[in-house]
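1. whatever this is, show me its structure:
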Amino acid sequence: MRAPDSHPDVRPGAHTCRFSYSAMTSLSTRENEPCSKASSGEIHFAEGQIVHAKWDAIQGDDAFYKMLTLHEGDFRLDPAYKPSATRSIQASPEALLLEGMRRLDEGKF
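-> Numbers count the residues shown, from 1 in each chain. The predicted structure is shown next:
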């Protein structure tokens, strides 16, 4: 038996799960006093494809891009999650990451 045949399929593209994230985000008030609020979001994967993302009231690609800007927070991965019919993202994971990195590089958030 060849070595690759002896291992299970562990490609990252084969998973269905929910990635939940929560963080404190900074806000500025009218008096220019910094404050923060709790925010949360989710990314839904179906067979390795990103099918839905939400961050607070934002959904779709923009929610995914917003989560790329976060530096710290708490996350949870739910491998038992079964995705619903909600699909707010059509792009491939590679396309989302490339566009997200372009936006980060250009400061477009």
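2. which strands and helices sit next to the helix or strand harbouring residue 64?
-> According to DSSP states H and E, residue 64 maps onto helix 61-68. Counting contacts by 3 or more C-beta pairs under 8 Å, 6 or more residues apart in numbering; DSSP states H and E, helix 61-68 packs against strand 34-46, strand 49-55, helix 93-106. Every C-beta, even on glycine, is put in place using the N, C-alpha and C of the backbone.
3. okay, and for this protein, where does confidence drop off?
-> Residues of the chain meeting the criterion pLDDT under 70: 1-13, 26-35, 109.
4. cutoff 50 now
-> 1-11 (pLDDT under 50).
5. helix, strand or coil for residue 90?
-> coil (DSSP: H, G, I helix; E, B strand; the rest coil).
6. ok, it - how many residues close by?
-> When neighbours are defined as other C-beta atoms under 10 Å, residue 90 has 12 of them.
7. now do residue 89
-> Count around residue 89 with other C-beta under 10 Å applied: 20.
8. which one is it nearest to, not counting chain neighbours?
-> Closest residue in space to residue 89, ignoring its immediate chain neighbours: residue 50 at 5.3 Å, by C-beta to C-beta, 6 or more residues apart in numbering.
9. who are the contact partners of that neighbour?
-> Residues in contact with residue 50 (C-beta atoms under 8 Å, 6 or more residues apart in numbering) are 43-44, 64, 89, 91, 93, 96.
10. between these, which is nearest residue 20?
-> residue 43 (8.3 Å; C-beta to C-beta).
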